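1. Turn this into a model:
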Amino acid sequence: MKIKTHFALLALACLAPSTLATAPAAETNLPPVQMFVPGFVVRELPLRLSNQNNVEYAPDGRLFAAGYDGRMHLLRDTDGDGLEDTVTTFWDKPSGDYPLGMVVRGDSVYVMLRNEVARFRDTNGDGVPDKREAALQDWDDAASASEKMFLKRRVDYGMGLALAPDGTFFLSMGNAAYNNGYMVDKAGVSHYDPKYRRGCVLKISADGKQVEQFVTGVRYLMSLQFNRHGDLFASEQEGATWLPNGNPFDELLHIQPGRHYGFPPRHPKYLPKAIDEPSLFDFAPQHQSICGFRFNESGPGRGRFGPESWEGDALLTGESRGKLYRTKLVKTPAGYVAQNHLFAALPTLAVDCALSPKGDLLLATHTGKPDWGTGPAGIGRIFKISRAASAAPLPVLAYAASPTETRVEFDRPLQPDQWKNLARQSAIVSGRHVGAGDRFETIRPGYKVVQMQQAESRRTNAVLTAALSSDGRTLSLQTAARTEAVSHAITVPDPSRLASAQQKQHGLPQVAAIDLGHDLSGVTAEWQPKSRQSATNGWSGWLPHADLRVARELTAASTEHTRLFARLKQPGTLRLRGQLDLSLMLRAATQLGSKLDFEYPPEKVTVVFASSTPLRVTAGGGAVVERLSDLTARLVVTAPKPDLWVPLDVTVESRADKEASLDVHWFTAEDARPRALALRRVLVPWARPAGTAPESRTIPEIAGGDWEAGRKLYFSEQVACAKCHVLRGEGGAVGPELSNLIHRDYASVLKDITQPSAALNPDHLAYTIELKDGESLTGVISGDTGSELFLADPTGKATRIAKSRIASTRPSAISLMPEGLLQTLKPAQVRDLMTFLLTERAAANAK
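-> Numbers count the residues shown, from 1 in each chain. Predicted coordinates:
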């Protein structure tokens, strides 16, 4: 395995304590998959397959793959090296009705299609499915006339699939109006009704006869999964690009019956009574495109990926920026609390993952650029990530112990002689949109907000001194004070991967660095024994949450924190101090650059603290503390504001006969249902609100552009954009709608125009249709009546084709949009056209 050292970090020794810059320069010679932590080997399957949407293992080790082109495959390892090397295609009929969800159960493979759950069965016992049948269909209710106006795309229909132990199906229906969430017509009348079977999760009995609308208010759930507790979760897509406040981030959702998940969100005119269920975790910064995920749970036919401390975590793929996440979930009586870790990056589109019986993580990726890659005809890549036979010590916790000290704890002792010059080779970068290993992010979608994220300043904090704890399990990094509540990314060298290179360990190349993220969430904790004569010493440090159940589980792999929880079984007093951010508890924060057309009414938030032993709660910031009993208190805040946090001080007794406990939950005056307090709501006492203001948008390339002249060009015969594209409600619907271009950057839009085949929108793919008489037609399928297809050509003209005349249909790797479109225009005309595409009329006139 080839290892790169991170020589750029050596230059940090020459830096001042902190320096300001914008987005980091990307690493050169990037590995196909860069692991941010040591102890793993990455290999690529020696197969040439088209882009695969879903992958899943059977308990006996057979690997199934569902192609973007609609074909189904069985992958097997024939030479025993641990890599699947042969492909059996058991369904070889390409289709635009591509799979978006797959479950393997018994002898059957269930696949989520547009209006059907297809089941592929092995009827002869050879391990290869040989029969296709409909396991489920006709669940959709008759759309109303209002709803039919908005049904346009593949993802308006079935996507995401989970199968309960009793055979009950759970599937989601895509939102019918991604660009008009409230379904407002030209007269300003909303047609949205949560009862429509769109933007929802359906619960359907095994026989298909009973259909229940389980939840509402979802946009596009890419994956549905049950955990070992029998709770259902989903990965949800960002939607604020099209609807202000509609899912500003990609999300992990805990799917609970009867709840509404915020797309579209509550609105005083269109949806006044909705209660928008908060997400379990928001994947920031905006536009990650969280897709497939699995729970890392060992059991029959499935091994655990990684160390024991990763058991039960959700493993998620981030498609549009090439990311792998590990989200630890703690279940409390009031719900789940999530702690997220970014553990890998790659230059391809991570779409789905699966766990092998041996505990390997299989990763399916699409090639090409975001958002849509190279499409059904593109060639994908599949990787397998395995724990190394002699795994190095693994970081288990990273946190700010004080304004100037950051600690990284490991699961085993480090060798001090391998960590020389640590300070010179380490750094901590801080900023609102900073993430671990940002220098490995080489793909990102071309939205305006992404460009604004990249342009925002980030501070590189040189590590002034570094030390290793006496037990060898904790690195301590000292920097200048960092008190702004933003994200922080740690980079330290990885001696273990340098050693692996010297030993010529197999696997794909890796950069010899460890990359971790942390923020300023948590509380300071101090435990003192009841008697000064006690043989037990006191303990002081940091906890990730005030809820001790949550704190214990999130620090279970830390020996330092194990010492604290052992002390809580002895007579003494535990004091927790921090701050609470109680703003927008049932409201989503708006996307950078977006504005709402209304104001939310003020909230009244109550936080409840309950212990098994006497407790005392005090708070500032205008909060009212009500003591309900010796064991229970509640804190009430009316109209909390984002930049005015509530100082919190909690004292809990610990006893020899009763371990100290503290449960924390919250509710509002609008909704009394208890909910767990997210980690980001609890901050250390010395943190301060982020003070960076959003930067105003400027596009120097269109300076002096004429918006009206650009509009005339757009609708002219010269470029004929309007024949295929809808923009601000006008134009043809052959190609993708362009109304979101005001959220994108100049370079990416220009590339879409000049290189239209670089990224293919799956909802507007070009298809080549071969007719039985030998004629060949190419275009975008713009309609399907059941017996006929409508094929739109580059001029926007639609041709009606009887399905009985069609011999084959296959997706094209080439966009229907012609290249060289701008070559006929003068530079001033290009500037005018781009001004029209990228700005609103008022903004253009203000220039």
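2. Low-confidence ranges, the chain, go.
-> Where the chain drops to pLDDT under 70, the residues are 1-18, 142-156, 499-505, 535, 587-595, 692-696, 761-762, 842-847.
3. So what sits opposite the residue nearest the centre of it in the bridge?
-> With distances taken as C-alpha atoms, centre = their mean, I290 lies nearest the centre of the chain, 3.4 Å away. On DSSP bridges, the residues paired with I290 through beta bridges are G318.
4. Who are the contact partners of it?
-> Counting by C-beta atoms under 8 Å, 6 or more residues apart in numbering, I290 makes contact with 222, 235-237, 250-252, 283, 316-319, 325. From N, CA and C alone the C-beta is placed, and that goes for glycine too.
5. Count the neighbours of V128 for me.
-> By other C-beta atoms under 10 Å, 15 other residues sit near V128.
6. what residues are up against it?
-> 74, 88, 90, 122.
7. do D671 as well
-> 275, 586.
8. what's the answer for P99, then?
-> 53-54, 66-67, 70, 111-113.
9. which one of the residues you listed sits closest to S748?
-> Nearest to S748 among the contacts of P99, counting by C-beta to C-beta, is N53 at 24.0 Å.
10. So which of the contacts of V128 sit within strands?
-> 74, 88, 90 (DSSP state E).
11. Out of those residues, the closest to A391 would be?
-> L74 (31.1 Å).
12. Which residue is the nearest non-sequential neighbour of the closest one?
-> T88 (4.4 Å; C-beta to C-beta, 6 or more residues apart in numbering).
13. tally of neighbours for S757?
-> With other C-beta under 10 Å as criterion, S757 counts 16.
14. What separation do you get for it and P370?
-> 15 Å (C-beta to C-beta, to the nearest Å).
15. before we move on, what about D85?
-> 30 Å.
16. What's the first helix or strand after the helix or strand where L363 lies?
-> Using DSSP states H and E, L363 maps to strand 361-366. Remark: after strand 361-366, the chain's next helix or strand is strand 381-387, criterion DSSP H and E.
17. Go ahead and confirm E670 touches I275.
-> Yes: using C-beta atoms under 8 Å, E670 is in contact with I275, at 6.6 Å.
18. Can you tell me the SS state at L750?
-> Secondary structure state of L750, per DSSP: H, G, I helix; E, B strand; the rest coil, is helix.
19. Could you do R497 as well?
-> Criterion first, three-state DSSP; result for R497: helix.
20. G39 versus that one, what's the distance?
-> 9 Å.
21. what's the overlap in contacts for these two?
-> A392.
22. More neighbours: these two, which one.
-> R497 (26 against 22).
23. Contacts only, for the more buried one.
-> 3, 38, 392, 510-512.
24. Equivalent analysis for R473, please.
-> Per C-beta under 8 Å, 6+ apart, neighbours of R473: 393, 409-414, 559-560.
25. residue ranges of the strands in the stretch 351-500 of the chain, please?
-> Along the stretch 351-500 of the chain, counting by DSSP state E, counting those that start in this stretch, strands occupy 361-366, 381-387, 395-400, 405-410, 427-431, 458-462, 465-468, 474-478, 487-493.
26. Show me what the third one is packed up against.
-> Contact here means 3 or more C-beta pairs under 8 Å, 6 or more residues apart in numbering; DSSP states H and E; on that basis strand 395-400 packs against strand 405-410, strand 513-518.
27. Please convert those strands to a markdown table, extending it with mean neighbour count.
-> Output for the helices and strands packed on strand 395-400, formatted as a markdown table (neighbours: other C-beta atoms under 10 Å):
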| stretch | mean neighbour count |
| --- | --- |
| strand 405-410 | 22 |
| strand 513-518 | 24 |
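28. Format those strands as TSV; extra columns: distance to S298.
-> Shown next, in TSV, are these (distance: least, C-beta to C-beta, whole Å):
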stretch	distance to S298
strand 405-410	23
strand 513-518	25
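29. can you tell which of those strands is closest to M452?
-> Nearest of the helices and strands packed on strand 395-400 to M452, taken as C-beta to C-beta: strand 513-518 at 20.4 Å.
30. Just give the strands next to the next helix or strand after that closest one in its sheet, each with its orientation.
-> Sequence order places strand 523-529 as the next helix or strand after strand 513-518, per DSSP H and E. Strands adjacent to strand 523-529 in the sheet, as given by DSSP bridges, are strand 539-543 (antiparallel), strand 572-580 (antiparallel).
31. Show me the one of those strands that comes nearest Q425.
-> Nearest of the strands paired with strand 523-529 (C-beta to C-beta): strand 539-543, 24.9 Å.
32. thinking again about what came up before, take the contacts of I290 and keep only those in strands.
-> Reading strands off these with DSSP E, I get 222, 235-236, 250-252, 283, 316-318, 325.
33. would JSON lines of the strands of the stretch 351-500 of the chain with distance to T618 be doable?
-> Converted to JSON lines, these look like this (distance: least, C-beta to C-beta, whole Å):
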{"stretch": "strand 361-366", "distance to T618": "46"}
{"stretch": "strand 381-387", "distance to T618": "46"}
{"stretch": "strand 395-400", "distance to T618": "24"}
{"stretch": "strand 405-410", "distance to T618": "27"}
{"stretch": "strand 427-431", "distance to T618": "31"}
{"stretch": "strand 458-462", "distance to T618": "33"}
{"stretch": "strand 465-468", "distance to T618": "35"}
{"stretch": "strand 474-478", "distance to T618": "31"}
{"stretch": "strand 487-493", "distance to T618": "29"}
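34. for those, which one sits closest to L136?
-> strand 361-366 (24.1 Å).
35. Now do the shared contacts for E670 and I275.
-> L586.
36. For beta bridges, what are the partners of E484?
-> Where E484 sits in a bridge, its partners, by DSSP bridges, are R688.
37. quick one on the thing from earlier: which of the contacts of P99 fall within strands?
-> Those of these lying in strands (DSSP E): 53-54, 66-67, 111-112.
38. What ranges does the chain have for its helices?
-> 145-148, 448-455, 495-502, 548-554, 559-567, 707-714, 746-754, 827-838, 841-846 (DSSP state H).
39. Any idea which of those helices gets closest to R62?
-> Closest among these, once you apply C-beta to C-beta, is helix 495-502, at 31.1 Å.
40. if we can go back for a sec, higher neighbour count, D85 and P370?
-> Taking neighbours as other C-beta under 10 Å, D85 and P370 compare with P370 leading, 21 against 15.
41. what separates the closest residue to that one other than its chain neighbours from C291, distance-wise?
-> Spatial nearest neighbour of P370, chain neighbours left out: S320 (3.8 Å); criterion: C-beta to C-beta, 6+ apart. Distance, S320 to C291, using C-beta to C-beta: 9 Å.
42. Single out the most deeply packed of the strands paired with strand 523-529.
-> Of the strands paired with strand 523-529, the one with the most neighbours on average (mean count of other C-beta atoms under 10 Å) is strand 572-580, at a mean of 23.
43. Would you mind getting the angle between that one and helix 559-567?
-> Angle of strand 572-580 versus helix 559-567, following axes from the mean of the first three to the mean of the last three C-alpha atoms, to 10 degrees, is 120 degrees.
44. ok now strand 572-580, how far from the chain's centre?
-> Relative to its chain's centre, strand 572-580 lies at 32 Å (C-alpha atoms, centre = their mean, to the nearest Å).
45. For it, list the C-alpha coordinates in PDB.
-> Coordinates of the C-alpha atoms in strand 572-580 are reproduced here as PDB (Å, rounded to 0.1, in the frame of the first residue of the first chain):
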ATOM      1  CA  GLY A 572     -20.000  12.900  46.100                       C
ATOM      2  CA  THR A 573     -21.300  15.800  44.000                       C
ATOM      3  CA  LEU A 574     -21.300  16.300  40.300                       C
ATOM      4  CA  ARG A 575     -21.500  19.800  38.900                       C
ATOM      5  CA  LEU A 576     -22.200  20.400  35.200                       C
ATOM      6  CA  ARG A 577     -21.900  23.800  33.600                       C
ATOM      7  CA  GLY A 578     -22.700  24.900  30.100                       C
ATOM      8  CA  GLN A 579     -25.100  26.900  27.900                       C
ATOM      9  CA  LEU A 580     -28.300  26.100  26.100                       C
END
